[in-house]
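> Structure for this input, please:
(2 chains)
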2 protein chains.
Amino acid sequence: MKVKESNKSINIASSVKTAAAGAHLTKKPKDVGLIYFGKDTVSSAVFTKNKIKAAPVLYDMELMKKNHNIKAVIVNSGNANACNANGFEAIESIVNNLSSKLGVKKDEIFVASTGIIGEDLPYQNINSSLDELIDNMGNNANEFAKSIMTTDTYPKEYALECSFFGKPFAIGGAAKGAGMIHPNMGTMLGFIVTDINISKEMLDTALKHAVDHSFNRISVDGDASTNDTVFIASTLESENEKIVDDGELYRFFEDNLTHLCTNLAKMIVKDGEGATKLAEVIVVGADSCSDAENIARSISNSLLVKTALFGQDPNWGRIVDAVGYANSNINPDKLKVYIGDCPVFEFGKKASADKQKLNEYMKNHEIKILIDVGLGTSSYNMWFSDISYDYVKINAEYHT
Amino acid sequence: MKVKESNKSINIASSVKTAAAGAHLTKKPKDVGLIYFGKDTVSSAVFTKNKIKAAPVLYDMELMKKNHNIKAVIVNSGNANACNANGFEAIESIVNNLSSKLGVKKDEIFVASTGIIGEDLPYQNINSSLDELIDNMGNNANEFAKSIMTTDTYPKEYALECSFFGKPFAIGGAAKGAGMIHPNMGTMLGFIVTDINISKEMLDTALKHAVDHSFNRISVDGDASTNDTVFIASTLESENEKIVDDGELYRFFEDNLTHLCTNLAKMIVKDGEGATKLAEVIVVGADSCSDAENIARSISNSLLVKTALFGQDPNWGRIVDAVGYANSNINPDKLKVYIGDCPVFEFGKKASADKQKLNEYMKNHEIKILIDVGLGTSSYNMWFSDISYDYVKINAEYHT
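The predicted structure follows:
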């Protein structure tokens, strides 16, 4: 079993083409992206849990119930196609046009949008860009990754080339940021392509696992958007024996897919609006998984922890406080808190940490916080960013 | 039934004396406060739900199970007496000394602390201040209110003189802020004094109701502290017929106590670190009380809503988004959102609000947001502040 990083991004196979074009939805030269699969696929997707869902999310949820042989994915930035009057009309029109131009069925097209909400989608602009988009199809995943950016400061791409007992397969992904800022509400979008031979059921299971352990464990500002979507398609081109159950190859694929999603998720946190730090909180020894998750979320979403992080202050009091109000089973006397490898709280009180070492540690760009609840065996981890002046500036200065 | 505001604060009757003295716990001249009741009382208290509780909270919780005839309350700022090694030793020593000096029993003394956590309480300093404290006893509630301040920029006091069919009673209160900042973790403390003749059971019920509708409905940064405490004592001096059940006089008292607590709670939000706005979100038409509360909390705690408020931007998208992830039953097509009296979202999409009027409204210091869920009859409201540059500055620049 071998794994190495690849620079192919989502162009993992010659059957996968990517493209970007300009539709004047943003100030960027290219704000519409396309992934085209030149063959049949098995696809899966997970969507935002927000009860206010954008039109493309509602559309795709229905689509994926009927068909999972997706041949094309079209994404626009600049407009979320959410909470507006023409959401479904816009999707219908774009899908109609794209299907006849690409020669694929309408229900083989997956759609996604990110950008301002509440405004009608100027879909004629997108329709007018389709010829350019199709002309541009090639091995230029980076163009696609840039076309879906909103407040992201850099495109987010990652790929792995794997080998399982001599049979190679690849996984590539592109994502855009989670900071929900200008314009109005950004969104987390992720698009993953693989060539592994796998059943629909096992692909669903693998995607759910990978997203639960990556994109669902990041917090920039704690808000979930109307448009969050992670999509995966396999071209099934690898010569591996088809994965149909939870065997060794499945585990190997799931691990690598999770690793890929985790890397993309961490890029999103690092690129959070105004972020200067990437922190990871690891909770161990909790009574239950939900207790561990509640504690991790409580810390990751605490404004006081996030501002202390920005101020490079090892403020264990704010961490302990967030543990205390996490609505999880804890016993202060058994709780231990570490920042880096320095104990800061134990036996119900402040631990005698090396203050100098702790202050030095806080200057790092990446910070680890370990919470040992001391009660059970459950664990959870999350990645989060700090809150800086720039976060407030970006968010306060944006005007609807 | 008459009600008028009073400037007596907690000195509502001659039997209630207040005092402040200096114990060198802070840079303030006076950082220890005392309320002394010259007679028997009926008392009640509610405490933080944080599972990490300060020593005075744990001490008082036990105390209030055994005795509700509290004769004195001693409070210090500058040190929370939490997560340290000498918490109970400190309380024991202070209570011993104060009880012999005041001539009251040890279990007639209620204690509270606010300030930095994790540091031993220098209780000899407090013991040394007790003579000054007792010498200073008088009608100077303002001195008491100032002595309990931490990052508060002004003391918070309010009092009402009420009359029910010719029988007067009074309620007065003092509180300190909820912003959990320098030093380390502030705390919400509230002390209320009344003279109404009431049973212990009905006083408990009234305090719980009042706190649930006031202090529990404010959000500065969403964090609950280790020390939050609201205490009430009645001197029973009013000539009203003793309240023993849920009758008209009880309702009148409960309403006024709730009004008093609400006023103190709003003062705390207004004085939140760096706050420039006082916002109220009112949720109506929800399927259940918990749904209404979840929506109100989701909005009040949203960083994106708080920063938009600071930027004076009527960003309804962020409000609608926070409704969507509140984990409450909603139907986007029935949901209506108003900022001031301008509709901003209805029928599943942006409403055609008067943009000019909306922008003007956002310049007000007090902002109201109304959410009509359109499904049921339950409601909830909360008060919250914005998040400004100064909030980040105060919180990031504080070093432990």
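> So which residues of the stretch 51-200 of chain A form helices?
Remark: helices assigned in the stretch 51-200 of chain A by DSSP state H, counting those that start in this stretch are A:55-66, A:87-102, A:123-135, A:141-147, A:200-212.
> Okay, buried residues for the last one please.
This points to helix A:200-212. Residues A:202-207, A:210-211 are the ones in helix A:200-212 that count as buried (16 or more other Cβ atoms under 10 Å in any protein chain shown). Every C-beta, even on glycine, is put in place using the N, C-alpha and C of the backbone.
> want to throw these into a markdown table with distance to chain B?
A markdown table is the format used below for these (distance: Cβ to the nearest Cβ, whole Å):
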| residue | distance to chain B |
| --- | --- |
| A:Met202 | 30 |
| A:Leu203 | 27 |
| A:Asp204 | 23 |
| A:Thr205 | 25 |
| A:Ala206 | 26 |
| A:Leu207 | 21 |
| A:Ala210 | 22 |
| A:Val211 | 16 |
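> from the stretch 1-150 of chain A, which residue is nearest to chain B?
As assessed by Cβ to the nearest Cβ, chain B sits closest to A:Ile52 within the stretch 1-150 of chain A, at 3.3 Å.
> got a list of what the closest residue to that residue other than its chain neighbours touches?
Excluding the flanking residues, the one nearest A:Ile52 by Cβ to Cβ, 6 or more residues apart in numbering or on different chains is B:Gly324, at 3.3 Å. By Cβ atoms under 8 Å, 6 or more residues apart in numbering or on different chains, the residues touching B:Gly324 are A:50-53, A:224, A:226, B:330, B:332.
> Which one of these is nearest to A:Ser129?
Comparing those against A:Ser129 with Cβ to Cβ places A:Thr226 closest, at 23.5 Å.
> Name the residue most distant from the centre of chain A?
When distances are taken from the C-alpha mean of chain A, A:Ser352 lies farthest, 38.3 Å away, according to Cα atoms, centre = their mean.
> any idea what it is structurally, helix, strand or coil?
Under the three-state scheme (DSSP: H, G, I helix; E, B strand; the rest coil), A:Ser352 adopts coil.
> Residues of the stretch 1-150 of chain A that sit close to chain B?
Contact residues (Cβ under 8 Å from any Cβ of the partner chain) of the stretch 1-150 of chain A with chain B: A:49-53, A:83-85, A:116-119.
> what about 7 Å?
Taking Cβ under 7 Å from any Cβ of the partner chain as the criterion, the stretch 1-150 of chain A approaches chain B at residues A:49-52, A:83-85, A:117-118.
> farthest pair in those?
The span of these, defined through Cβ to Cβ, is set by A:Lys49 and A:Ala85 at 24.8 Å.
> more neighbours, those two?
Under the neighbour definition other Cβ atoms under 10 Å in any protein chain shown, A:Lys49 and A:Ala85 were set side by side, and A:Ala85 has more, 15 against 12.
> and the gap between that one and B:His259?
Counting by Cβ to Cβ, to the nearest Å, the separation of A:Ala85 from B:His259 is 44 Å.
> Single out the most deeply packed of the helices of the stretch 51-200 of chain A.
With neighbours taken as mean count of other Cβ atoms under 10 Å in any protein chain shown, these reach their highest mean count in helix A:141-147, at a mean of 24.
> related to what we said a few turns ago, among the contacts of B:Gly324, which two are most distant?
A:Ala224 and B:Pro332, at 14.9 Å, using Cβ to Cβ across these.
> which stretches of the stretch 51-200 of chain A have low pLDDT?
In the predicted model of the stretch 51-200 of chain A, residues A:178-186 satisfy pLDDT under 70.
> Confirm A:Trp383 sits in a strand?
Yes: counting by three-state DSSP, A:Trp383 is located in a strand.
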